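1. Pasting the sequence and the predicted model now:
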Amino acid sequence: MLLFDTHADTLFRLCFPYGENEEMDVTREKLLKGGVSVQVMAMFVGRSDLKSIRIAFDKMLAKKEEMKAAGFRQVDDLKEAKDGETAFMLSVEGCDLLDGHGEMIAEWRKQGVRMAALTWNYENCVATPASKDATTGLKPFGREAVREMQRLKMAVDVSHLNEKGFYELLEMGVIPLASHSCCRKLCNHVRNLTDDQLKALFSAGGYVGVNFYPAFLRRDEKAGISDVCDHVMHMLEMGGEGKIGFGSDFDGIEMKPEGLMGPQDFPKLLDALRRRGLDEKMIRGIAGENLLQYYDRI
């Protein structure tokens with residue numbers, strides 16, 4: 001069975017660790033133990049000033065080359081994934097570095113970037129994050145950037161994007177992906193998607209990777225595997241069958257749901273979904289096949 005995770009901040013943590021000798025959530029060994037076929041690793045902006053972001057991106061690109069030299073396979077297409085093996089694919093979290101230079105998107109694509117979140121938590125030349133407001137639309141350059149991403153078959157990632165920008169993307173005919181998001185109905189956090197957003201996204205053929213961050217899963221932040229299952233089940237109620245997967249946010253979250261400490265624990269999550277009554281076809285879809293079909297749609 002193929003299993004994909006659409007978001008981890010492992011590259012950033014490898015380049016900018018919190019402390020000495022810290023244990024990473026994501027390693028090749030843990031990915032193999034959990035049966036993860038492809039881990040999407042985000043090149044995360046991390047900061048608000050462009051000079052620091054450029055330094056961070058250069059370090060992350062160098063680190064991914066080190067990983068490849070050590071035998072960790074990078075894939076450009078999820079169809080290159082192999083059951084029983086593990087690989088990684090690149091994404092960008094926050095398009096701040098573009099700074100009005102749309103030609104950089106093609107450079108990212110040459111490096112193997114297959115999805116890009118328009119914002120992180122800072123307003124940039126492309127769009128405005130949900131953390132700032134819900135009503136500011138896409139920037140003119142943002143529309144140009146999105147069209148270039150579509151041309152290059154890069155997924156337009158709406159995790160962190162505000163509601164106005166989200167709906168404007170749909171009006172443009174974009175089929176969006178939310179790489180690491182949860183349901184606002186179950187946990188009233190501005191980073192989570194409303195029911196109306198979920199319905200619209202699924203209706204458009206989009207995809208959501210459920211985030212494992214406890215603060216997005218439940219209000220008291222004491223989350224477990226059952227809470228992740230709750231968000232999956234609610235998304236199914238919103239029309240998400242065939243369009244849901246996992247976007248753990250490992251190595252980017254300081255707390256984790258009980259029982260989900262790293263990719264090695266994915267089998268526990270799949271078993272919990274089976275106990276919710278999901279059949280093996282749906283389990284295979286949520287694990288990986290839904291994301292393959294999403295990329296076929298874009």
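-> Alright, I've got the coordinates. Note that the structure is a prediction, hence the values are computed from the model and not measured. Numbers count the residues shown, from 1 in each chain.
2. Could you list the buried residues of stretch 83-103?
-> For stretch 83-103, burial by neighbour count (16 or more other C-beta atoms under 10 Å) applies to 86-98. (Glycine included, C-beta is placed from N, CA and C.)
3. which one of these is nearest Leu291?
-> Met89 (10.3 Å; C-beta to C-beta).
4. Beta-bridge partners for the closest one, please?
-> Judged by DSSP bridges, the bridge partners of Met89 are Val40.
5. Verify the stated contact: it with Phe72.
-> No: if you go by C-beta atoms under 8 Å, Met89 and Phe72 don't touch, sitting 11.5 Å apart.
6. What segments of the stretch 51-200 of the chain are strands?
-> Assigned by DSSP state E, counting those that start in this stretch, the stretch 51-200 of the chain shows strands spanning 73-74, 87-93, 113-117, 155-157, 177-181.
7. Turn those strands into a markdown table, including distance to Arg274.
-> Listed next are these as a markdown table, based on distance: least, C-beta to C-beta, whole Å:
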| stretch | distance to Arg274 |
| --- | --- |
| strand 73-74 | 29 |
| strand 87-93 | 26 |
| strand 113-117 | 28 |
| strand 155-157 | 28 |
| strand 177-181 | 23 |
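8. so where's this protein uncertain?
-> Nowhere does the chain drop to pLDDT under 70.
9. Contacts for the lengthiest helix in it next, please.
-> The longest helix of the chain (DSSP state H) is helix 50-69. Applying C-beta atoms under 8 Å, 6 or more residues apart in numbering, the contact partners of helix 50-69 are 11-12, 14-16, 41, 43-47, 74, 88, 90, 94, 96-97, 99, 111.
10. Then stretch 184-204?
-> For stretch 184-204, contacts defined as C-beta under 8 Å, 6+ apart pick out 130-131, 134, 158-160, 163, 166-167, 170, 174-176, 178, 181-183, 207-208, 215-219, 227, 230-231, 234-235, 238-240, 243.
11. ok, of these, which come out buried?
-> Here, 16+ other C-beta under 10 Å leaves 130, 158-160, 163, 166, 170, 174-176, 178, 181-183, 207-208, 215-218, 227, 230-231, 234-235, 238, 240, 243 buried among these.
12. Filter those residues down to the ones in helices?
-> 163, 166, 170, 215-217, 227, 230-231, 234-235.
13. Most widely separated two among those residues?
-> Using C-beta to C-beta, the pair of these lying farthest apart is Leu170 and Asp227, separated by 28.1 Å.
14. Asn290 contacts Gly206, doesn't it?
-> No: applying C-beta under 8 Å as the test, Asn290 and Gly206 come out as separate, 10.8 Å apart.
15. Name the residue in the two with the higher neighbour count.
-> It is Gly206, of Asn290 and Gly206, that has more neighbours when counted by other C-beta atoms under 10 Å, with 25 against 21.
16. and the closest residue to the more buried one other than its chain neighbours, what does it touch?
-> Spatial nearest neighbour of Gly206, chain neighbours left out: Pro176 (4.7 Å); criterion: C-beta to C-beta, 6 or more residues apart in numbering. By C-beta under 8 Å, 6+ apart, Pro176 lies in contact with 155-158, 166, 169-170, 201, 204, 206.
17. before we move on, back to that, any shared contact partners between Asn290 and Gly206?
-> By C-beta under 8 Å, 6+ apart, the residues touching both Asn290 and Gly206 are Lys243.
18. thinking again about what came up before, can you add distance to Phe250 and give the buried residues of stretch 83-103 back as CSV?
-> Converted to CSV, the buried residues of stretch 83-103 look like this (distance: C-beta to C-beta, whole Å):
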residue, distance to Phe250
Thr86, 14
Ala87, 16
Phe88, 12
Met89, 15
Leu90, 16
Ser91, 14
Val92, 17
Glu93, 13
Gly94, 18
Cys95, 22
Asp96, 23
Leu97, 23
Leu98, 26
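19. mind listing the helices for the stretch 1-150 of the chain?
-> Taking DSSP state H, counting those that start in this stretch, the helices of the stretch 1-150 of the chain run over residues 10-15, 28-34, 50-69, 103-110, 140-151.
20. neighbours of Asn188, just the number please.
-> Asn188 has 10 neighbours, counted by other C-beta under 10 Å.
21. Check this protein and tell me which residue is nearest its centre.
-> For the chain, the residue sitting closest to the mean C-alpha position, by C-alpha atoms, centre = their mean, is Ser179 at 2.5 Å.
22. out of the strands of the stretch 51-200 of the chain, nearest to Glu80?
-> Proximity to Glu80 (C-beta to C-beta) singles out strand 87-93 among the strands of the stretch 51-200 of the chain, at 7.2 Å.
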